[in-house]
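**Q** Would you be able to build a 3D model of this:
(one chain, ligands or ions: 1)
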Amino acid sequence: MDRAAWARKYRKTAPGWAGMAWGNITLRVRHDKDYAGVELRMTREEFIAWCVPAITVWWKKNPGKKPSIDRIKNEEHYSIDNIRILEVGENSRRSPAKKNSKAPKGKAWCSGHQAYLSIKLFSPAPSRPPLFVNNRCRECKRAEYRRKVECRST
Ligand SMILES: [Zn+2]
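**A** Down below sits the predicted model:
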């Protein structure tokens with residue numbers, strides 16, 4: 001099994017998914033200007049300790065669905081008491097256009113990160129309505145060029 005296949009498989013385990021989710025959160029807080037006022041108020045250890053059992057239960061209740069980390073109160077920070085797991089649209093990976101038609105203002109869907117990121121992180125793509133940006137952020141595109149399937153989070 002090559003590294004990419006291994007990574008895809010690992011992401012489907014609770015610790016693997018939790019680690020990826022943590023990477024996405026830290027990336028958003030650090031690099032996404034729309035998260036400028038949002039702070040990370042938990043450690044990686046605290047997050048993983050919360051997330052591994054939470055995602056295990058969620059998968060049991062929602063077989064075949066895609067989870068994402070959501071802030072309960074959107075104006076508050078990333079902390080253990082303000083996060084929960086919610087479903088991402090099931091076909092989001094295959095239809096970024098659908099995701100982008102309901103994107104929050106100033107954001108676009110990255111099918112690499114599986115998250116809405118600031119639209120400034122995307123390259124223009126005239127053939128892709130409705131936002132006319134790529135379906136992956138520049139960072140994910142660069143990773144693709146390097147023939148790395150995984151989204152780099154650090
Ligand atoms: Zn991305």
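**Q** just the helices in the protein please.
**A** With helices called from DSSP state H, the chain shows them at 3-10, 14-31, 44-61, 96-101, 138-145.
**Q** Out of these, the one nearest the ion is which?
**A** Set against the ion and scored by Cβ to the ion, those come closest in helix 138-145, at 3.4 Å. Bear in mind the C-beta positions are built from the backbone N, C-alpha and C, glycine included.
**Q** If I take that closest one and helix 14-31, what angle do their directions form?
**A** With axes from the mean of the first three to the mean of the last three Cα atoms, to 10 degrees defining the directions, helix 138-145 sits at 130 degrees from helix 14-31.
**Q** Distance from helix 138-145 to the middle of the chain?
**A** Computed by Cα atoms, centre = their mean, to the nearest Å, the separation of helix 138-145 from the middle of its chain amounts to 15 Å.
**Q** Stretch 97-105 now?
**A** When distances are taken as Cα atoms, centre = their mean, stretch 97-105 is centred 15 Å away from the chain's centroid.
**Q** quick one: terminal-to-terminal distance for that stretch?
**A** End-to-end distance for stretch 97-105: 15 Å, by Cα to Cα, to the nearest Å.
**Q** picking that back up, with distance to residue 38, mean neighbour count and mean pLDDT as extra columns, can I get the helices of the chain in a markdown table?
**A** Formatted as a markdown table, the helices of the chain follow (distance: least, Cβ to Cβ, whole Å; neighbours: other Cβ atoms under 10 Å; pLDDT from 0 to 100):
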| stretch | distance to residue 38 | mean neighbour count | mean pLDDT |
| --- | --- | --- | --- |
| helix 3-10 | 27 | 12 | 89 |
| helix 14-31 | 6 | 18 | 94 |
| helix 44-61 | 15 | 15 | 97 |
| helix 96-101 | 21 | 17 | 77 |
| helix 138-145 | 19 | 15 | 83 |
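**Q** Any buried residues in stretch 61-80, and which?
**A** 67, 68, 69, 71, 77, 78 (16 or more other Cβ atoms under 10 Å).
**Q** Near the ion, which residues of this structure? Just list them.
**A** 110, 112, 113, 137, 140 (Cβ under 5 Å from the ion).
**Q** follow-up on the earlier one: ok, of the buried residues of stretch 61-80, which one's closest to residue 35?
**A** Residue 35 has its nearest neighbour among the buried residues of stretch 61-80 in residue 78, at 8.9 Å by Cβ to Cβ.
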